[in-house]
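# I would like to see how this sequence folds:
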Amino acid sequence: MIDFFSKATVSKNADGTLVAIADNFYVQGDKLTVHVDPTTNLFKYKEFKSLLGKDPISGQVNYESFSSGVSHVSSTNMDMPAKKMTVKAVNQDYSQRVN
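Residues are numbered from 1 along each chain as shown. A predicted model of the protein is given here:
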């Protein structure tokens, strides 16, 4: 992530969200966009497009926070049109540790 942010262009959306974008970051033609909540500095979501071998792949990784403030991935969506495949994963049913 340090390499990404050193190459990214950072701006602010109308709602105040910080947006960092880097093109051709890992392979030619890829793009990573990271949305960050400026009050907590936690990820809101990430969007990406790249190549898996020679096939295009794109997706989004969404984040949420527990009431404790700990951030976690809440869902992931990936689209792989060359394979006619879409993957949707949802993280759920968390339990809280009791001490």
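
# please make it C-alpha for all contacts and neighbour counts, starting now.
Fine.

# count the neighbours of Asp3 for me.
8 (other CA atoms under 10 Å).

# for Pro56, see how far away it is.
23 Å (CA to CA, to the nearest Å).

# list the buried residues of stretch 66-75.
Buried residues in stretch 66-75, defined by neighbour count with 16 or more other CA atoms under 10 Å: Val73, Ser75.

# what mean pLDDT does it get?
Here stretch 66-75 scores 88 as its mean pLDDT.

# and for it, what's in contact with it?
Leu42, Phe43, Val61, Asn62, Tyr63, Glu64, Ser65, Lys88, Ala89, Val90, Asn91, Gln92 (CA atoms under 8 Å, 6 or more residues apart in numbering).

# quick one: buried ones out of those residues?
Buried, going by 16+ other CA under 10 Å: Leu42, Phe43, Val61, Asn62, Tyr63, Glu64, out of those.

# so which helix or strand takes in the second one?
Per DSSP states H and E: Phe43 is located in strand 42-52.

# quick one: contacts of that strand?
27, 29-37, 56-64, 71.

# and the strands in this protein?
Along the chain, the segments classed as strands by DSSP state E run 9-12, 18-23, 31-37, 42-52, 55-65, 71-80, 85-90.

# for the helix or strand of the chain with the lowest mean pLDDT, buried residues please.
Least confident element among the helices and strands of the chain, by mean pLDDT, DSSP states H and E: helix 2-7 (a mean of 84). Buried positions in helix 2-7, judged by neighbour count with 16+ other CA under 10 Å: Phe4.

# check what pLDDT Arg97 gets.
68.

# picking up where we left off before, from the contacts of strand 42-52, which would you call buried?
30-36, 56-64.

# ok, back up a step: which of the buried ones among the contacts of stretch 66-75 sits closest to Asp79?
Nearest to Asp79, judged by CA to CA, of these is Val61 at 12.0 Å.

# and Thr39, how many neighbours?
9.

# pLDDT wise, what is it at?
For Thr39, the predicted pLDDT is 92.

# and the one 3 residues further on, by the same measure?
The pLDDT attached to Leu42 in the predicted structure is 94.

# distance from the chain centre to stretch 68-87, please.
Distance, stretch centre to chain centre, for stretch 68-87: 9 Å (CA atoms, centre = their mean, to the nearest Å).
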